[in-house]
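Show me how the following folds:
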Amino acid sequence: MKDLFRPFNARFRRLARLPQPDFFEGAEESWEVHPAQTLQYRPSLALPGQVERIRASVFAPLPDTIEALTREGLTHEGPTRAWRFQGVDLIDGVLYHKGGEHHLRQKRRPLSLARRPRLELSATLYESWTTNRWFGSWLMDACVTYDLAATFGQPVTTMPTARSGSHQARYEELAGMSPRVLEGDAHFSDLTLFDDLANNGGKAARAVALREKLLAGRSPRAVPGVFLLRGHAGDQRLLVNERELAESLARERGFLVIDPLEATVDELIEACGAARAIVGVEGSHLVHGITVAPEGAAILPIQPPERVAATLKQQSDRLGQRFGLIVAEGSDSEFHLDRDELFATLDLFD
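I've put the predicted structure just below:
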């Protein structure tokens, strides 16, 4: 009976304010897949006064975000770790084991009460809350962790099967990803999970391998840069003069201007695979370009002052690209960037 109603037991512990067991402490074993390393990183290129414009950050505390964007020299990166569990229940997007819980996505059922699922399997998981929430995280992280998961077993995912013709479906095809899609609850007799956040050499090598897979058999044309439009897509993050900036770069610098929602994956890869710069509002759509842009390319996300992130800096570091820090003026949802500042920041890469 101890395996019944695990979601109810976890909810009861929270309501009773009882200590919550650490999910990962219940693992049968854990090990380092790739060791911690001390690596050399180059700082972001920026005009004076950019850091002073930053008022708030996402995904990490403000001091940590600023440090990640500006650090120079030797930096410690932690290890890539794996955990193996036995007897784990997946119910409504949450993993339950020995009183602990680990969320993979937002719950869809109010109480998620359930007996032990009938589907039983052994598998590896390569996804996380963030990769299930944001497409860019899926492309830059889940697609890189997939090869790791495939090394240790059968990769599975709780994400719905990608719609035919979608960006996700085409990336999975090109990257050789064929996970088993779990359409409901499941019981894992054996399950391996990974902590693949550290920007160490192992993750960098898998990111480079993904770029090589996506570019295989192609000869992209070298272009001065690509401006990837965000528009009104996704969470509201409106650069009010986005079109004006994009058109200026196209007219004066020879940039391509692309709306990712109107382009296929193959068109995006061909456009960005030999681009000397990738520019656009900070967000998931830029990951299309960063993932395939060549080593040494300039990566320049336009950051809202109240929503600055360092995740794209981390991706560009592991791909050997150069990163620029430019912060617009306004709020987290609506902001403006001076045209001359954008052009002057790009000139820093020359």
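
could you list every residue that touches residue 47?
When contacts are counted by CB atoms under 8 Å, 6 or more residues apart in numbering, residue 47 touches 326, 341, 344, 345, 348. No exception for glycine: its C-beta is placed from N, CA and C like everyone else's.

any chance of those in TSV, plus neighbour count, secondary structure and distance to residue 230?
As requested, the contacts of residue 47 are exported to TSV (neighbours: other CB atoms under 10 Å; DSSP: H, G, I helix; E, B strand; the rest coil; distance: CB to CB, whole Å):
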residue	neighbour count	secondary structure	distance to residue 230
326	24	strand	15
341	17	helix	18
344	12	helix	22
345	22	helix	18
348	15	coil	23
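
Which one of those residues is nearest to residue 207?
Taking CB to CB as the measure, residue 326 is the one of the contacts of residue 47 closest to residue 207, at 23.6 Å.

Look up how far residue 345 lies from the closest one.
Between residue 326 and residue 345 the computed distance is 5 Å (CB to CB, to the nearest Å).

Please enumerate the shared neighbours of the two.
Common contacts of residue 326 and residue 345 (CB under 8 Å, 6+ apart): 46, 47, 300.

Roughly how far does the second one sit from residue 277?
When distance is defined by CB to CB, residue 47 is 16 Å away from residue 277.

First-to-last residue distance for stretch 118-127?
End-to-end span of stretch 118-127 (CA to CA, to the nearest Å): 22 Å.

Hmm, residue 28 is touching residue 87, no?
No: using CB atoms under 8 Å as the test, residue 28 is too far from residue 87 to be in contact (9.3 Å).

re the thing from before, from the contacts of residue 47, which single one is nearest residue 283?
Among the contacts of residue 47, residue 326 lies closest to residue 283 (CB to CB), at 14.2 Å.

Near residue 162, how many other residues are there?
17 (other CB atoms under 10 Å).

Actually, residue 63.
Using other CB under 10 Å, residue 63 has 9 other residues around it.

One more: residue 36?
Neighbour tally, residue 36, other CB under 10 Å: 12.

Give me the distance between it and residue 186.
In terms of CB to CB, residue 36 sits 33 Å off from residue 186.
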